[in-house]
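> Requesting a structural model of the entry that follows:
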Amino acid sequence: MGPTRGERIYLCPSCSVPPTRSPRVPARPLGPVYRGALSPGALLLALLLAVPTLAATEPTIVVGAKNFTEGTILGEIMAQTLEQHAGVRVERRFNLAGTKVAFDALQHGAIDAYAEYTGTGLREIVGDASAVAGASDAFARVSRAFSEQYDLVWLAPFGFNNTYVLIMRAAHARELQLASVSDAAAHPLRYGMSHEFLQREDGMPGLLRVYGLQTASLVGMEHDLAYQALADGAIEVSDGYSTDAKIVAGNLVALRDDRNFFPPYEAAPLVRRDLLTRVPRAAEALALLAGRLDEAAMRRLNHRVEFERREPADVAASFLREVGIGVEHATGEVRSRSLLALLWQRRFITLNLASWHLLLTGIAEALACMVAIPLGIAASRKPRLASTVLGIAGVLQTIPSIALLAFMLPFFGIGARPAIVALFLYGLLPIIRNTVTGLRSVDAKLIEVGLGLGMRPRQLLWQVELPLAAPVILAGVRTSSVINIGTATLAAFIGAGGLGDPIVTGLTVSDTNLVLSGALPAAALALVVDAALGQVERWATPRGLRIGRDAT
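Predicted coordinates for the structure are as follows:
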């Protein structure tokens, strides 16, 4: 007599009693099994992309900042001024990876405002390479172009011009008798420039054309790492900013732009026009900052963050009180110089960042499992589909993380959504591959026995194949999760937060301990998740297989 309706048949090495044979039932295709399994993942992904953020409430104003010290300080000054004088809640999206990411985020509404420079707007964004009569001319032209082309508004400048400069070690410049860029053009030097500067028309391409620079070598590197490369003698020339505190502190010298190649770079708030209508007091609040900062003051604020180890928010609060705008008292707290002391000092911050980091990765992995496992089931049945699916997933895996995140900005904005989508895509390959491998490794004799007992294809999949393949599938989930925990640190470049924030900030201010305060918890989190999933893998392994493994 066969099993009654609803009775479960176990076909695995842990069974001690042979199963009862049931009447033969014609086999049915497995298509509905994996097509049906795809629907929850597709639904959850659609719901995720439909909501603006993971936060419970929308902030009134989102202020962004590019990933360098001065950009973060100006972002904090703008944010605190808006909070105190416009009476709004401000969300900060700092450490955005350069001009393109910040501008795209503003243009597509992911942020409402950030600090930009007139020369950058005119040359890099608008593409206006014509001669500039002066700071007023640059501001008037960039304001008009942005209003007409992008419907964005430049507010009154902060009061300082932070132009690009070429920098060298002062001793080396004296040795070669170099005082201007024209002097440097006569020598084949080793140049190490920031990646953005290498691409900008008002950067290296224009300098090579106007000055005819000779280069013994020309490499791109992270801007803040270039200072260390200069100190070590690995490069001889790099690009810098005139308000950079590291120029004086690092015994560097700025070469004079004797052909006036660089246009004025006045810093000013750049905002969306709809912000001014949505929050009318925002323009009044930011107008309080007009003309409040000169170059010396900005250099002093940069020095406080980079060399006195103070937090940008604290430095901004001090400045606002000094000029009579702010009402908040600065804490005066500085970052500890000892790694252990810094980890203890930031313990609660790290806990919050780790929780958010885990949430981002967890959502992405859940989505990846909902899509990758059904795809793996389908691919295990059809070799052609397997090669196609694995090929596409493999190509996605090779796309550089920053490039993929930047590509998603026009579609998903900045923050959690593009980060989750990117992590979801990166998580597919290990899970799909292991699902295919696990199902194909199931002993064909067990499949034949199941069919002989009259098991339906759905029963065979859920009661025989998946239980036996579970250890291999879960190993893929473990691999995917560990990789994504590391990859998620790069999400800080698009304002997604997590443990990447202290890493990016540490690189910006050349603080190795601050970098480690994000890197070490991220590594620890990966180990904890791997160990936890290892226990899940053991629990999901059929008892007979566990006994066999333990015996060996």
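> ranges for the helices of the stretch 301-450 of the chain?
Assigned by DSSP state H, counting those that start in this stretch, the stretch 301-450 of the chain shows helices spanning 312-322, 339-345, 347-381, 383-398, 401-412, 416-440, 444-452.
> packing partners for the third one?
The contact analysis (3 or more CB pairs under 8 Å, 6 or more residues apart in numbering; DSSP states H and E) places helix 347-381 against helix 31-50, helix 383-398, helix 416-440, helix 466-487, helix 500-508, helix 512-540. In this view, the C-beta of every residue, glycine as well, is placed from N, C-alpha and C.
> Show me what the helix or strand that comes right after the first one is packed up against.
Going down the chain from helix 31-50, the next helix or strand is strand 61-66, by DSSP states H and E. Counting contacts by 3+ CB pairs under 8 Å, 6+ apart, the secondary-structure elements packed against strand 61-66 are helix 69-85, strand 90-96, helix 98-107, strand 113-117.
> returning to what we had before: any chance of the helices of the stretch 301-450 of the chain in TSV with mean neighbour count as columns?
Converted to TSV, those look like this (neighbours: other CB atoms under 10 Å):
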stretch	mean neighbour count
helix 312-322	20
helix 339-345	14
helix 347-381	20
helix 383-398	14
helix 401-412	17
helix 416-440	24
helix 444-452	14
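> what's the closest of those helices to Leu122?
helix 401-412 (22.3 Å; CB to CB).
> pLDDT (mean, whole number) over that closest one?
For helix 401-412, the mean pLDDT works out to 81.
> which ones are touching Gln345?
Neighbouring residues of Gln345 by CB atoms under 8 Å, 6 or more residues apart in numbering: 335-336.
> what about 10 Å?
Gln345 makes contact with 333-336, 338, 517, according to CB atoms under 10 Å, 6 or more residues apart in numbering.
> ok, now Ile325?
77, 80-81, 84-85, 285, 288-289, 292, 319.
> and of the residues you listed, the nearest to Ile485?
Gln80 (32.8 Å).
> Lowest mean pLDDT across the helices and strands packed on helix 347-381, which one is that?
helix 31-50 (a mean of 48).
> Pretty sure Gly506 sits against Leu514.
Yes: Gly506 is in contact with Leu514 according to CB atoms under 10 Å; the separation is 3.3 Å.
> Mutual contacts of these two, please.
With CB under 10 Å, 6+ apart, Gly506 and Leu514 have common neighbours Arg335.
> The two - which one has more neighbours?
Between Gly506 and Leu514, counted using other CB atoms under 10 Å, the more crowded position is Leu514 (24 against 20).
> right, and the helices of the stretch 301-450 of the chain - which one's nearest Ile247?
Using CB to CB, the nearest of the helices of the stretch 301-450 of the chain to Ile247 is helix 312-322, at 18.6 Å.
> burial of Arg190, as a residue count?
16.
> Helix, strand, or coil at it?
What DSSP: H, G, I helix; E, B strand; the rest coil gives for Arg190 is strand.
> going forward can the numbers begin at 82, since that is how I track them
In the new count, where the first residue is 82, that last one comes out as Arg271.
> For it, give me its contacts.
Arg271 sits in contact with 296-300, 310, 314-319, where contact means CB under 10 Å, 6+ apart.
> beta partners for it?
Judged by DSSP bridges, the bridge partners of Arg271 are Ser298.
> now Thr141, nearest residue through space, not along the chain?
Using CB to CB, 6 or more residues apart in numbering and skipping the chain neighbours, the partner closest in space to Thr141 is Val169 (4.1 Å).
> what sits against the one you found?
Per CB under 10 Å, 6+ apart, neighbours of Val169: 140-142, 160, 163, 193, 359-360, 362-363, 366.
> Against Gly156, how distant is it?
Distance of Val169 to Gly156, given as CB to CB, to the nearest Å: 15 Å.
> okay, the residue nearest the centre of the chain: pLDDT?
Nearest residue to the geometric centre of the chain (CA atoms, centre = their mean): Ala572, 2.1 Å. pLDDT recorded at Ala572 is 88.
> Surely it and Ile501 touch.
Yes: shown here, Ala572 and Ile501 form a contact pair, counting by CB under 10 Å, at 8.8 Å.
> Out of the contacts of Val169, the closest to Leu432 would be?
For these, the nearest to Leu432 is Pro140 (22.6 Å; CB to CB).
> List the buried residues of stretch 363-381.
For stretch 363-381, the neighbour count (16 or more other CB atoms under 10 Å) marks 363-364, 366-367, 369-370, 373-374, 378-381 as buried.
> Which ones among those residues lie within helices?
Among the buried residues of stretch 363-381, the residues falling in helices (DSSP state H) are 363-364, 366-367, 378-381.
> Please produce TSV containing these, extended by distance to Ala550 and pLDDT.
TSV is the format used below for these (distance: CB to CB, whole Å; pLDDT from 0 to 100):
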residue	distance to Ala550	pLDDT
Ala363	57	94
Ala364	61	94
Ala366	60	95
Leu367	59	96
Ala378	65	94
Met379	60	95
Arg380	62	93
Arg381	63	94
